[in-house]
Structure formats: structure tokens, C-alpha cells
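J.: sequence and predicted structure below; questions after.
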Amino acid sequence: MFKRLLAALCAVALCTAMVGCGKTDTPNDQTTQEEQQGETKTVTLYLPDDQAESVVPTETEIKVSGEDEAADLMAALVEQGVLPAEVAVNSLTKDDSNNLTLDVNAAFAEALSGSGTAGETMVIASVADTFLAYYGAASLLITVDGGTLETGHALYDEPFTRIFDAAPAA
């Protein structure tokens, strides 16, 4: 009888050990997936309305890399169709007076040049109001590869403040 009880206990212990070794560590798998997907953050993007008359504040989740928030914001505007995928942020600086300078690549100016006057206004309003609201800045100067932003319609050598009243004051 003692031998049978000992054999049964050994069998149960062996089964428990085998089942325990076969499990995967689910929390680590989830952490790895989250790290690969990146974190998200709720932000307000200012997107052109259907009539190209104004921008509409739209809360959305964006992927954030943690390294370059300006690039993440611009990527969100690209994802929403405001700008083509070729547009990229070179740098963003903020001075002591709470003024931003956003330097973008030449694809930004090319996108504006090909969008017509109303389209150009909507793109600039979308970018300016989004960045001003996100950073709580007083003004935003957009430059292209370190120089003045020029399109076929205008020369933008002065900083922007809020373009539409939908954007909250800094």
C-alpha cells in the first residue's frame, strides 16, 4: 500500500513538473509586443474640413517613439492625409520666449506648391495649429532645410500664430 501511494505521489509530482516546464511567460510576450508596437498618446490634430474653409480639432491616438515628438506629430498628419509621406522633420527648436522653429525637408514645400492656394492654406493651418497647440507655443516659424519656406503662392518668412480660432490659445 505504501509503495502504491509513493508511486502515485511521484507520478503527480512528475506531471506537475512537466506541465510547469511547458508554460510560456505571457507577461513577457505582451511586453515584447508592446515594445515593438511603440507607445501611443492622445493628441489633438487640426485637420482641414471638407470645404477647405477651416481646420477641425480632432483627438486621435498617435504612435510616439519617445525620441522625436515633432516627427511623431508630423507622421500623424501624414497618416491623416494632410501631407505626403515624403515630408519629414529636420529639427524643432523652442526659444526662451516660447517660439518654435520647425525645419522640414524640401518635400514639404513641394507639397504646398502642388496643392493650390486653398490647399496650401489648409496644410499650413493644420501644421501650425497642431504644433502650436501641442507645444503650447506662442508662434511657429516653418523653414525648409534651414532656409525660408517659399511656394509658388507665397513667401513665408514670418512666424505663424494660431490661424483658426479652433486652436486653443497658448
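T.: All right, it came through fine.
J.: how about the host helix or strand of residue 141, which residues are buried there?
T.: Assigning secondary structure by DSSP states H and E places residue 141 in strand 139-144. Buried residues in strand 139-144, counted by 16 or more other C-beta atoms under 10 Å: 139, 140, 141, 142, 143, 144. C-beta coordinates here come from the backbone N, C-alpha and C atoms, glycine included.
J.: need the contact list for residue 108.
T.: Counting by C-beta atoms under 8 Å, 6 or more residues apart in numbering, residue 108 touches 83, 87, 142, 144, 149.
J.: try 7 Å this time
T.: Contacts for residue 108 (C-beta atoms under 7 Å, 6 or more residues apart in numbering) come out as 87, 144.
J.: using PDB, write out every CA atom in the strand or helix carrying residue 126.
T.: Residue 126 belongs to helix 116-135 when assigned by DSSP H and E. Backbone C-alpha positions of helix 116-135 (Å, rounded to 0.1, in the frame of the first residue of the first chain) are rendered in PDB as follows:
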ATOM      1  CA  GLY A 116      -3.300  75.200 -54.900                       C
ATOM      2  CA  THR A 117      -3.900  78.300 -52.800                       C
ATOM      3  CA  ALA A 118      -6.700  76.900 -50.600                       C
ATOM      4  CA  GLY A 119      -4.900  73.600 -50.200                       C
ATOM      5  CA  GLU A 120      -1.700  75.400 -49.200                       C
ATOM      6  CA  THR A 121      -3.600  77.500 -46.600                       C
ATOM      7  CA  MET A 122      -5.200  74.300 -45.100                       C
ATOM      8  CA  VAL A 123      -1.900  72.400 -44.900                       C
ATOM      9  CA  ILE A 124      -0.100  75.300 -43.200                       C
ATOM     10  CA  ALA A 125      -3.000  75.900 -40.900                       C
ATOM     11  CA  SER A 126      -3.100  72.200 -40.000                       C
ATOM     12  CA  VAL A 127       0.600  72.000 -39.200                       C
ATOM     13  CA  ALA A 128       0.800  75.400 -37.500                       C
ATOM     14  CA  ASP A 129      -2.300  74.900 -35.300                       C
ATOM     15  CA  THR A 130      -1.300  71.300 -34.400                       C
ATOM     16  CA  PHE A 131       2.200  72.200 -33.400                       C
ATOM     17  CA  LEU A 132       1.200  75.400 -31.600                       C
ATOM     18  CA  ALA A 133      -1.400  73.600 -29.500                       C
ATOM     19  CA  TYR A 134       0.700  70.600 -28.800                       C
ATOM     20  CA  TYR A 135       3.700  72.500 -27.600                       C
END
